[in-house]
Structures are given as structure tokens and as C-alpha cells.
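> return atomic coordinates for the entry below.
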Amino acid sequence: MKIIFIIIDGLGDEPIPALGNKTPLESAKTLNLDNLAKKGICGLVLPNFLTTIPTSEETHFSLFGYNPKIYPIKRGFFTVTGTGMKMKKGNVALRGNFGTIDKKMKMIDRRAGRIKETQPLIDSLNGIVINGVKFLLKAAGGHRVGIIMWGRNLSSEISDGDPHYSKLGKKAQKIKPLRKTSEAAFTAKTLNKFLEKAHQILKNHPLNKKREKRGLSPANYILTRGASSLIKLPSFKKKYGLRACCIAGKVLYKQIGETLGMKLIKVKGADGSVKTNLKGKIQAAKKALKKYNFIFLHVKATDSLAEDGNFKGKKEFIEKIDKNLKSLSNLKNILIVVTADHSTCCSLKRHCTEPLPILIYSDKIKADIVKEFSEKACKKGKLGRIKQLDLMQKLLLYNK
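Model prediction:
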């Protein structure tokens, strides 16, 4: 049996008073998802994460059965490789956000007003050398920037500088070593010096002076996270014996698929936004069944809307996804899986730790008692609560 594995990014949520104390998924009209749930089996997936909040890379690798403790590839790796930069052994890759701090070094905005034009800023920082370590930067879309630390005696065991909303209004976080090694201490010290120097350059940059005159947030600081070294993973095909492909709009998810050896399938208009070509992605998934026996189909905008606190938009986008899933209900001898990588709570405007609803459907499966697809309904499903790392093995039991 072939598998279509649909990940609706940030799908889970907490109840919202303005939606009658329902989550966006519970309040959405989802006739097709409910139909698949009625004919399939449901449950909850417990997201796997190593710190306080699940990250996209940790949860995706966990969904595919790759333990982040064994394969600690972080956001930095995907941001850097997504820009086209090449890493070498010994490098440390970082994801950077251009953010805004005030004169007292207090964080004001993690995304500098979602700045789009960053190349002049990057040009002013690219190639800086500190303690013998060269900093290479490249634009990664909007406020994002990929950073490679190129030098000796480096370690990826350092903390994030990105406050993830929790410390907005407080002073910018210093990078700290996460292990008591000389390499981690050296890397943290060197990165802190770079960030201080970068701030001095950025706050006086002509582009930021223009932004301030126009009443826009200056991109005067870089928030780093996801420090990663170069790590190679066993391919998805080698691990499971499945020919896999990836259909996604955003670079990160394409990079995750590519890192696992999945074939990337391009879909015109698939860009990860609320206007993404959902119909085209579903059609591409059905067509891919002729050649592949595992299709990873990623949908992004639910997560982005929740991070903006837009619960109404999240509800409406879930309904839009649902309308485009109708054609999947007629497939024969195909395992359809719908779940999320992590929950994203609209009230918190960030990733959160809520369990994830999951449905598994095929015309060969005996249905359980669940009648609709939602966080609350899936609690009663036959699957019960599944650890994210165990999900792939569970799917393989039905993949016969």
C-alpha cells in the first residue's frame, strides 16, 4: 500500500474564547476531513522536542522516525543550505533574523517589521573575521539570513539568541555555551563579538536610517538560532525501503525532504502562503503515486496565521484545505495520513506543546468510533496517544 502523508503545519491549537472556546480546527467546517476520520482511525500524536518549545526541524524529523538526539540537525543547517551555500565539516550554520532593539538593547521586534530588502545590510556584514573565524552571510527570504561560521575549534553546542517572543522588552540574549568544552565557549564568545560588531554597523547603516525616517522598524540586530554542524542522515529509502517524494512550498520543508533523499516535486504557485496552490499540490500527490510509494505533502500557512494570532484566518484556511481534499476520498488501496508537526497556539503567537490530531484512512481499515477530525474528537480514537518518534513504525503496520 502506498502512503500520502499530509502535514498541516501548526494545525493543533488551544480553545479560543472568540470561537466559542473551540480551537480553529474544531470550529472549522471540514466535511472531507470528517469523512476520512469517520472511515478511518484517529488518535493524538505527542510532539517530540528537546527544549521547552517544539521546533519545525525536530518535529518533522521525529515524524519520519529520525531521533533529534541522534541526528541533531537544526534550523541553521536548512537555512544555510536553502540559500545555496555549502557547508563543510567543522563549520557551524545559523539561522538569523534581522530584528529591532532599542537604545537600551531591549528587544522590540523579532522580524524588524518583516523587512524584505536586506541585501545592503548583508553586504555590510559578509566576510567579517573575528578570532580567526570568518562569517559568511546570505539572504534567506524576507527578514531571514543564513550564516556560516567558518574556522577552527567551533561547536554547535551554543544557545539561541532569538527570544521567541518570551523575552521581548528585555535585553537581547547573549549566546552561551551549552556544554563545558573549550570549543563551545570559544564559539559563543566569537559569535557574541560578531553580533555586537554587527549591531554597531547596522544601527548606522543608511538603509536603517531611511527606515527610521519612514517610521519603519530598523533591522539593527541579528537574532540567531538553530546552530548546526554538518551531519549526514541515512536516506528515507534506506531506512524504510520506500521511494519517497516531497511536495512543499517553503524552503525549509523542501530541504528536510531533500536531506532525507526524497525527490522534490515542483508545483506552480505552491509558495507556503494562504494563496498557495492547494489544488495543484493535491493533484501532484495523486500523480506521484504512479512513481513513488511515499508522498510527503506539506501545507504551511496554518502555522504562519497562528503565529500572527489570526485565529479566524487559521480557521478559514483549514476550511480551504478541507475543500481541496475531496478527491482523495475515492483512492483505493492508498494509506492517507493527516496530522501536524506541532501545534501553534494563536493566543501565544508561537509553537506550543499541545498534542496533535491524527487520522489514518484507507479503504482497507476498519473504522473506529470517531466521527469528526479535531483535537477533542481524536482523543477517543483507536490509535490513542502515539509518541511522534513511533509514528512511522505504526504506519508501516498498516502499509501492507
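> quick check: the most centrally placed residue in the chain vs Leu137, distance?
With distances taken as CA atoms, centre = their mean, the chain has Ser56 as the residue nearest its mean C-alpha position (3.2 Å). Distance of Ser56 to Leu137, given as CB to CB, to the nearest Å: 22 Å. Every residue, glycine included, has its C-beta placed from N, CA and C.
> got it, and Thr118?
9 Å.
> looking at those two, which one has more neighbours?
The residue with more neighbours, out of Thr118 and Leu137, is Leu137; 25 against 21, by other CB atoms under 10 Å.
> enumerate every residue touching Thr187.
Val92, Met149, Asn153, Leu154, Ser155, Ser156, Glu157, Ile158, Pro177, Ala227 (CB atoms under 8 Å, 6 or more residues apart in numbering).
> one step back: quick check: neighbours shared by Thr118 and Leu137?
By CB under 8 Å, 6+ apart, the residues touching both Thr118 and Leu137 are Val145.
> re earlier: pull out the buried residues from the contacts of Thr187.
For the contacts of Thr187, a burial check counting by 16 or more other CB atoms under 10 Å picks out Val92, Met149, Asn153, Leu154, Ser155, Ser156, Glu157, Ile158, Pro177, Ala227.
> what is the nearest of the residues you listed to Leu396?
Ser156 (31.7 Å; CB to CB).
> about what we covered before: the residue nearest to the centre of the chain touches Leu252, doesn't it?
Yes: in this structure Ser56 lies within contact range of Leu252 using CB atoms under 8 Å: 6.3 Å.
> which residues do these two both contact?
Arg75.
> Gly82: what's it in contact with?
Ala140, Gly146, Val251, Leu252, Lys254, Gln255.
> give me the ChimeraX select line for these, limited to the buried ones.
The buried residues among the contacts of Gly82 can be selected in ChimeraX (16+ other CB under 10 Å) with this line:
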select :140,146,251,252,254,255
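> widest-spaced pair of the contacts of Gly82?
Gly146 and Lys254 (14.6 Å).
> how about the secondary structure of the nearest residue to Thr259 once chain neighbours are set aside?
Spatially, and ignoring its direct neighbours in sequence, Thr259 is nearest to Leu233 (6.2 Å; CB to CB, 6 or more residues apart in numbering). Applying DSSP: H, G, I helix; E, B strand; the rest coil to Leu233 yields a three-state assignment of coil.
> now Ser217, what are its backbone angles?
When read as degrees, to the nearest 10, the backbone of Ser217 gives phi -70, psi 130.
> who touches it in this structure?
Thr100, Ile108, Asp109, Ala112, Gly113, Ile115, Arg211 are the contacts of Ser217 under CB under 8 Å, 6+ apart.
> for the residues you listed, pick the one with the most neighbours.
Neighbour tally across these (other CB under 10 Å): the maximum, 28 neighbours, falls on Ala112.
> residue contacts, the residue lying closest to Asp271 once chain neighbours are set aside?
The shortest distance from Asp271 to any non-neighbouring residue, by CB to CB, 6+ apart, is to Gly249 (4.7 Å). With contact set as CB under 8 Å, 6+ apart, Gly249 has these partners: Val267, Ala270, Asp271, Gly272, Ser273, Thr276, Lys281, His298, Lys300.
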